[in-house]
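> this one's sequence-less:
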């Protein structure tokens with residue numbers, strides 16, 4: 001494999017040209033290059049992550065530059081996308097972090113790894129029946145899941161006696177890390193909050209899950225993370241390319257912003273024109289490369305369409321019992337402990353405990369606006385709960401908000417509830433005819449009445465969880481710090497600015 005800052009041989013030809021070296025593009029390039037008789041060129045607008053964002057490999061630093069605040073970005077490795085004003089979020093514009101680097105957004109996610117359910121693939125298989133589909137059933141795709149990953153068992157001596165993950169070893173049959181590019185592991189440090197969350201779910205009758213990668217998403221449990229156990233580093237799709245370093249038939253061209261796909265008279269895509277971006281010591285120019293067989297657009301959810309068409313409750317906790325916030329004050333020591341020993345809080349990507357839930361028939365009877373969700377496979381969850389050992393708030397800037405509280409010796413935990421199957425439908429449109437201009441991104445979050453009903457129900461359920469004996473034992477008081485006053489309450493008298501949490505469930509929503 002050859003890395004190039006820009007292509008010297010203008011007009012060079014390759015069998016396959018892949019646009020975008022992110023999660024999909026890096027994987028496709030490495031797999032295609034397994035055939036030594038073909039040549040592959042992989043074009044990436046960003047650079048090499050090891051050079052421009054070494055912090056990305058530290059799991060505990062995954063909160064850097066991923067906040068909703070449009071200023072919480074790093075232009076060396078993030079596209080800096082910002083949505084149009086969102087009517088479902090009081091007209092906020094929201095930073096939508098996307099990786100601009102080899103490996104793409106797999107360098108910026110929270111490293112959670114789980115597979116969909118068996119019947120969701122059955123649904124997909126039925127939808128493509130009669131087409132040229134290669135087959136999308138669970139049985140069809142499982143071999144590709146399993147050949148791509150290798151898992152390391154947890155080190156429970158380091159994690160602690162009450163923080164032992166369980167998993168189905170049959171879901172990860174590959175044991176040779178040289179054959180499976182993506183490494184899975186459980187961090188050597190586990191937050192007390194994750195264990196507390198597990199207890200809280202159990203107290204409300206939610207079952208423990210043995211594994212989230214065997215075709216079932218239900219209950220609560222520790223999830224494996226895309227982490228390499230040997231050194232604790234984040235494992236990304238760039239590892240596919242690392243495994244392909246010995247292949248001379250694969251060329252990765254970085255700092256190459258694709259401007260145009262060229263078609264012949266029969267409307268076959270035959271070439272790609274890209275611009276070398278302005279980088280120190282390199283003059284930008286325009287280069288055209290030719291494809292003998294195919295051009296694959298794999299530029300992510302926002303830029304692939306562009307090229308084709310030219311919040312969470314938080315409560316304050318008792319610092320004498322649980323003090324995750326001290327990490328920020330002790331960051332230099334924590335960094336050394338991670339780098340030298342693969343130990344400490346920086347080994348943990350924060351989101352290690354998940355919960356999954358389906359809404360029941362009573363909810364759908366009372367909220368017909370969400371009835372479309374009942375068309376989904378009957379094993380598909382409607383809500384995902386994610387542990388957040390810190391203050392999340394409106395997700396504006398996770399580092400800045402927690403640093404401020406840490407300096408005050410205040411610690412928090414939050415719980416995120418995610419709509420797994422949103423009904424709102426957004427759009428991506430062109431801002432101009434130039435691919436250098438970001439597209440207009442409108443997720444249209446919470447514009448569907450069905451989504452609004454599910455979101456309100458999710459808040460109610462989170463508040464029930466935060467009021468279980470498990471959580472109350474760690475809290476400094478019975479006050480919800482954030483969001484405190486919100487529209488899910490209805491009261492004939494003004495509410496205090498920081499009301500006590502309801503013991504079971506809130507009053508009816510407006």
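Looks like it came in fine. Predicted, not measured: the structure shown is a model, and the values here were computed from it.

> Residue 387: what's its closest spatial neighbour, skipping adjacent residues?
Distance criterion CB to CB, 6 or more residues apart in numbering; nearest residue to residue 387, sequence neighbours excluded, is residue 353 at 4.0 Å. C-betas here are computed from N, CA, C, even on glycine.

> Please verify my assumption that the one you found contacts residue 220.
Yes. Between residue 353 and residue 220 there is a contact under CB atoms under 8 Å: 7.1 Å.

> which residues are common contacts for the two?
197-198 (CB atoms under 8 Å, 6 or more residues apart in numbering).

> show me where the stretch 51-200 of the chain has strands.
With DSSP state E, counting those that start in this stretch, the ranges of strands along the stretch 51-200 of the chain come out as 81-82, 95-96, 149-151, 182-184.

> Relative to residue 401, which of these is closest?
Closest to residue 401 of the strands of the stretch 51-200 of the chain is strand 95-96 (CB to CB; 14.4 Å).

> helices or strands up against the closest one?
Here strand 95-96 touches strand 81-82, going by 3 or more CB pairs under 8 Å, 6 or more residues apart in numbering; DSSP states H and E.

> coming back round to it: could you report the separation of the residue nearest to residue 387 from residue 207?
Between residue 353 and residue 207 the distance is 14 Å, computed by CB to CB, to the nearest Å.

> Look at the two and report which has more neighbours.
Shown here are residue 353 and residue 207; by other CB atoms under 10 Å, residue 353 has more neighbours (26 against 11).

> How about the contacts made by residue 174?
Residue 174 makes contact with 146-147, 149-150, 180 under the criterion CB under 8 Å, 6+ apart.

> and if you look at residue 415?
Applying CB under 8 Å, 6+ apart, one finds that residue 415 lies in contact with 197, 312-313, 385-388, 462, 465-466.

> Would you reformat those residues as a markdown table and include secondary structure?
Output for the contacts of residue 415, formatted as a markdown table (DSSP: H, G, I helix; E, B strand; the rest coil):
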| residue | secondary structure |
| --- | --- |
| 197 | helix |
| 312 | coil |
| 313 | coil |
| 385 | strand |
| 386 | strand |
| 387 | strand |
| 388 | strand |
| 462 | helix |
| 465 | helix |
| 466 | helix |
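
> Which one (most neighbours) among those residues?
The member of these that has the most neighbours, counting by other CB under 10 Å, is residue 197 with 28 neighbours.

> Just the pLDDT at that one, thanks.
pLDDT, residue 197: 93.

> Where does confidence bottom out across the contacts of residue 415?
Out of the contacts of residue 415, that is residue 312, at 46.

> ranges for the strands of the stretch 301-450 of the chain?
According to DSSP E, counting those that start in this stretch, the strands that the stretch 301-450 of the chain contains are 314-317, 353-357, 383-388, 411-419, 427-429, 440-442.

> now these in JSON lines, with distance to residue 106?
Shown next, in JSON lines, are the strands of the stretch 301-450 of the chain (distance: least, CB to CB, whole Å):
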{"stretch": "strand 314-317", "distance to residue 106": "28"}
{"stretch": "strand 353-357", "distance to residue 106": "19"}
{"stretch": "strand 383-388", "distance to residue 106": "18"}
{"stretch": "strand 411-419", "distance to residue 106": "19"}
{"stretch": "strand 427-429", "distance to residue 106": "21"}
{"stretch": "strand 440-442", "distance to residue 106": "20"}
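
> wait, which of those is closest to residue 215?
Residue 215 sits nearest to strand 353-357 of all the strands of the stretch 301-450 of the chain, at 12.7 Å, using CB to CB.

> can you pull the contacts of the residue nearest to residue 175 when sequence neighbours are not counted?
Distances taken as CB to CB, 6+ apart place residue 150 nearest to residue 175, at 6.3 Å, with adjacent residues excluded. Residues near residue 150 by CB under 8 Å, 6+ apart: 172, 174-177, 179-180, 182-184.

> Closest one of those residues to residue 261?
Nearest to residue 261, judged by CB to CB, of those is residue 182 at 29.5 Å.

> Just give me the neighbour total for residue 430.
When neighbours are counted by other CB under 10 Å, residue 430 registers 15.

> Low-confidence ranges, the stretch 401-510 of the chain, go.
Applying pLDDT under 70 to the stretch 401-510 of the chain picks out residues 484-510.

> Verify the stated contact: residue 378 with residue 118.
No. Residue 378 lies out of contact with residue 118 (CB under 8 Å); the separation is 10.7 Å.

> Neighbour count for those two, which is higher?
More crowded of residue 378 and residue 118, by other CB under 10 Å: residue 118, with 17 against 8.

> nearest residue to that one other than its sequence neighbours?
Residue 118 sits nearest to residue 215 (CB to CB, 6+ apart), 3.9 Å away.

> does that neighbour sit in a helix or strand, and which one?
Assessed by DSSP states H and E, residue 215 sits outside every helix and strand.

> quick one: the nearest residue to residue 413 once chain neighbours are set aside and residue 395, what's the gap?
Spatial nearest neighbour of residue 413, chain neighbours left out: residue 193 (4.8 Å); criterion: CB to CB, 6+ apart. Distance of residue 193 to residue 395, given as CB to CB: 18 Å.
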